[in-house]
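Asker: Sequence plus the predicted model coming up.
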Amino acid sequence: MSVSKAAEIVSASEGQRVDRSTLSRYIKRYASDFAPRREGRETLIDVNALLEHRKVNIRVERGSAEPFKGDVKVASTKERKGEIGVRIAEIELEREEEKRARERGEIIYVADLAAAAEAAIKAFGAALDEAESDAAEDIARRTRSEARHVRPGLRTLKRSALEAFTRALTRVLPSSEVDTPSA
């Protein structure tokens, strides 16, 4: 079936207007899923496969449950003010829910998370510094060498461990707000 006919069927099926150009872009984007074919200037597709694909695709905006109506009613000022009031009330409710969740400790700010990550990196570095001299002495004793020969290797290990730890934290944070401490 042609894209124009498919657009009419999809519009009726989904309860909202779907233009030919919109459907054409959709078909082009997901072509591998339902294999459109060209015949002359027309692109022909399997409408059933297209409808099924659009049902399971989470990126498709859903229309209302009512069938598509070609005539669009312009809302009055009173209706628009009512809709705006409802939306403002919803936003206020969301803010209150977010506030309560923060008070219960279920949500934290990204800046607080980034600060905690930086503190974890610094604490990890301090722990490695503290353990370095003890480890250097122990390794030197076991290998029958001097601690001054072992320390450069331990510092290199510490630097690479801190860099790896910082990279791991940076990957899991919402944005790269973690500063890399100097070793």
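Answerer: Perfect, I can see it now.
Asker: next one: phi and psi at the nearest residue to Ile45 once chain neighbours are set aside?
Answerer: Distance criterion CB to CB, 6 or more residues apart in numbering; nearest residue to Ile45, sequence neighbours excluded, is Pro36 at 4.6 Å. Every C-beta, even on glycine, is put in place using the N, C-alpha and C of the backbone. Note on Pro36: its backbone torsions stand at phi -70, psi 150 [degrees, to the nearest 10].
Asker: Likewise for the one 4 residues further on?
Answerer: Gly40 has phi and psi values of phi 70, psi -120 when expressed as degrees, to the nearest 10.
Asker: ok, now how distant is it from Ser2?
Answerer: Gly40 sits at a distance of 11 Å from Ser2 (criterion: CB to CB, to the nearest Å).
Asker: now do Val86
Answerer: Counting by CB to CB - Val86 and Ser2 are separated by 41 Å.
Asker: Looks to me like Thr43 is in a strand.
Answerer: Yes. The assignment for Thr43 (DSSP: H, G, I helix; E, B strand; the rest coil) places it in a strand.
Asker: What residues are recorded as beta-bridge partners of it?
Answerer: Under DSSP bridges, the beta-bridge partners of Thr43 are Arg38.
Asker: Tell me which stretches of the protein form helices.
Answerer: Shown for the chain, the helices assigned by DSSP state H span residues 3-14, 20-29, 31-34, 47-56, 77-103, 110-143, 147-172.
Asker: where does Thr180 land on pLDDT?
Answerer: If you check Thr180, the pLDDT there is 51.
Asker: and if you look at Ile58?
Answerer: So Ile58 comes in at 63 (pLDDT).
Asker: for the one 10 residues further on, same thing?
Answerer: Per-residue confidence (pLDDT) for Phe68: 51.
Asker: what's the lowest-mean-pLDDT helix or strand in the chain in contact with?
Answerer: Across the helices and strands of the chain, mean confidence by mean pLDDT, DSSP states H and E is lowest for helix 31-34: a mean of 74. With contact meaning CB atoms under 8 Å, 6 or more residues apart in numbering, helix 31-34 is reached by 27, 45-46, 49-50, 53.
Asker: Recalculate using a threshold of 10 Å.
Answerer: Applying CB atoms under 10 Å, 6 or more residues apart in numbering, the contact partners of helix 31-34 are 27, 43, 45-54, 56-57.
Asker: The residue nearest to Ile45 reaches Asp46, doesn't it?
Answerer: Yes. Counting by CB atoms under 10 Å, Pro36 touches Asp46, with 8.4 Å between them.
Asker: Compare neighbour counts for the two and give me the winner.
Answerer: Taking neighbours as other CB atoms under 10 Å, Pro36 and Asp46 compare with Pro36 leading, 20 against 15.
Asker: ok, the more buried one - contacts?
Answerer: Shown in contact with Pro36 (CB under 10 Å, 6+ apart): 3, 6, 24, 27-28, 30, 42-46, 49-50.
Asker: Okay then, goodbye and thanks.
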